[in-house]
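Student: Okay, sequence plus prediction incoming.
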There are 2 protein chains.
Amino acid sequence: MTKNTSLKEYWENKPRLLPSVSIDCVTLGFHNNQLKILLLKYKNTDYYALPGGFINLDEDLEDAAQRILEERTGLRNIYLEQFHVFGSKNRRNDETHRQIMAGCGIEMKPNNFLLNRFISIGYYALIDFSKAIPSPDELSDSCDWYDLDKIPTLMFDHNEIFSKALETLRTMLDDKLIGFNLLPETFTMNELQNLYETILGEKLVRSNFQRKMLGLGILERIEKKMTGAANKAPYVYKFIGG
Amino acid sequence: MTKNTSLKEYWENKPRLLPSVSIDCVTLGFHNNQLKILLLKYKNTDYYALPGGFINLDEDLEDAAQRILEERTGLRNIYLEQFHVFGSKNRRNDETHRQIMAGCGIEMKPNNFLLNRFISIGYYALIDFSKAIPSPDELSDSCDWYDLDKIPTLMFDHNEIFSKALETLRTMLDDKLIGFNLLPETFTMNELQNLYETILGEKLVRSNFQRKMLGLGILERIEKKMTGAANKAPYVYKFIGG
DNA sequence: TGATTATTGTACCATTTTGATACAATGGTA
DNA sequence: TACCATTGTATCAAAATGGTACAATAATCA
């Protein structure tokens, strides 16, 4: 979306986008020992949604995912990975689209680009919460973090897309060491364990978890961290890619 | 594609298909202790390709994959799973399309549906080789099995699609027990081990493999199989879904 | 008929990995 | 200085894995 084109003009004309294909991002962060998901709320509606968008005709798919996430949330250089394509024939609903656009003062003509069938490619985005300052785009009232057990009803099949993302994240967690994308540069073993427990949804034995992680040879021990608490200070670690 | 429409008419007009999206199937079978892949060769050309096709406007994505595989190879009720989307902006080539269609006596007008950008959703198809009798469709000279180490240069990015499929299959093999889709109803432990060794590309210790497989509790021992060889007859097993 | 041979099913043992508990060290508080 | 909560690590049993051995068996051959 070029800067000198108004949002209204942009969506009321047929944009130069790849038809039929959208991208939706399941954007996860970790804060206060809780996994959080980033959701948009469309202006003047009750519709919550995953941040998503469309692919420019001259743009690689992976680049599009990065750009879309940035345009809709302000987040840059995020770890993104595609995990599934959602292609039920009735997964979308024209009336919802009309309401969303109307909320932004945009009228949709009957032949509008958006009113065709779309499949959506799901990406999960893993974010260092401490660095991320999400901000809503022009279509949205808000762009906020939600606890996973307090996700509102989402537009279309976005709840299903979220579930599949979480399931994929769980099975990939040990395999691809993607969890570290959710933590700051440095972290304690306790924080890492809390993250794993939250994602997997089960308690782990502390000593065994520590042994396993150190055994992977992907952690560099940096220094002690004086927490101020009345106990032994934990080491702080850095992830050094496997 | 309706039966009373000729191939020529069909492709020279704009079909009622979902724009921008294609499906390509990496179709694998197992025969003579070798993994094989099913490839099409387009009529009167040197272009080899994965069997692929397009999605009808009123068709679920998963249904489309099944239909496409059947239309292009004659194979029905196949185990299919999507594994990756391929979306580089320059992954296709118009001239190749023109040649393929010309090989079938079909002229492509400049605004033909096929001459737009497409992303492709990769599915892998796992086949019981003994039941599969593939047959080429109207666009293809041949529809044949190839050894994995003798795959010709394929159209577009189809070699890359194949590689990603094999990689996915390897990592999923233990997780989802998908290997059994490549074997007949009943099989010996030796056949099962050969399959695993072929997919993983490494030798396994016979006794340990047997212990592991029996330990999964997913095999039913049927009967002894007299092979005619001068040695102890192996049992025959059936897969009983986990 | 009985020795021979290749392959199968399983037992066995050593090594590694995992699960669970214990304990000394430490940074603070009372 | 006693006490407390948490951390890093040791320890030990149980389970999983890697590797070898061996008896059973279905044929062949002398």
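Tutor: Okay, I see it.
Student: Below-threshold pLDDT in chain A: ranges please.
Tutor: For chain A, residues meeting the criterion pLDDT under 70 lie at A:1-15, A:242.
Student: Can you tell me which residue sits nearest the middle of it?
Tutor: By Cα atoms, centre = their mean, chain A has its centre lying nearest to residue A:27, at 1.0 Å.
Student: Adjacent strands (with direction) for the helix or strand containing it?
Tutor: Per DSSP states H and E, residue A:27 falls inside strand A:17-31. Strand A:17-31 sits in its sheet next to strand A:34-42 (antiparallel), strand A:52-56 (antiparallel), strand A:119-126 (parallel), going by DSSP bridges.
Student: Return the most buried member of those.
Tutor: Neighbour counts (mean count of other Cβ atoms under 10 Å in any protein chain shown) averaged over each of the strands paired with strand A:17-31 peak at strand A:119-126, with a mean of 25. No exception for glycine: its C-beta is placed from N, CA and C like everyone else's.
Student: Quick check: what element follows that one along the chain?
Tutor: Taking DSSP H and E, what comes next after strand A:119-126 is strand A:140-147.
Student: do stretch A:26-34 and DNA strand D meet at all?
Tutor: No. Counting by Cβ under 7 Å from any atom of the strand, no contacts exist between stretch A:26-34 and DNA strand D, the nearest distance being 12.1 Å.
Student: list the buried ones in that stretch?
Tutor: By neighbour count on 16 or more other Cβ atoms under 10 Å in any protein chain shown, the buried set for stretch A:26-34 is A:26-30, A:34.
Student: who's in contact with it?
Tutor: Residues from elsewhere that reach stretch A:26-34 (Cβ atoms under 8 Å, 6 or more residues apart in numbering or on different chains): A:35-38, A:50-51, A:69, A:73, A:75, A:78, A:122-130, A:132, A:145, A:147-148, A:161-162, A:165-166, A:169, A:182-183, A:194-195, A:198.
Student: Would you write out the ChimeraX command that picks the buried residues out of those?
Tutor: Only the buried entries of those go into this ChimeraX selection, using 16+ other Cβ under 10 Å:
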select /A:35,36,37,38,50,51,69,73,75,78,122,123,124,125,126,127,128,129,132,145,161,162,165,166,169,182,183,194,195,198
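Student: Who is the residue nearest to the centre of chain A paired with across the strands?
Tutor: Note on residue A:27: beta-bridge partners residue A:125, judged by DSSP bridges.
Student: And it, how far from chain B?
Tutor: Separation of residue A:27 from chain B (Cβ to the nearest Cβ, to the nearest Å): 19 Å.
Student: try residue A:130
Tutor: The gap separating residue A:130 from chain B is 31 Å, by Cβ to the nearest Cβ.
Student: Skipping adjacent residues, who's closest to that residue in space?
Tutor: Among residues not flanking residue A:130 along the chain, residue A:184 sits closest, at 4.8 Å (Cβ to Cβ, 6 or more residues apart in numbering or on different chains).
Student: so how many other residues sit close to that neighbour?
Tutor: A total of 14 residues lie near residue A:184 under the criterion other Cβ atoms under 10 Å in any protein chain shown.
Student: Repeat that for the one 3 residues further on.
Tutor: By other Cβ under 10 Å, the residues close to residue A:187 number 23.
Student: residues in contact with it?
Tutor: Counting by Cβ under 8 Å, 6+ apart, residue A:187 touches A:236-237.
Student: so which strand or helix has it?
Tutor: Going by DSSP H and E, residue A:187 is in strand A:186-188.
Student: Measure how the longest helix along chain A sits relative to strand A:119-126, angle-wise.
Tutor: When chain A is parsed with DSSP state H, its longest helix is helix A:158-176. With axes from the mean of the first three to the mean of the last three Cα atoms, to 10 degrees applied, the angle from helix A:158-176 to strand A:119-126 works out at 50 degrees.
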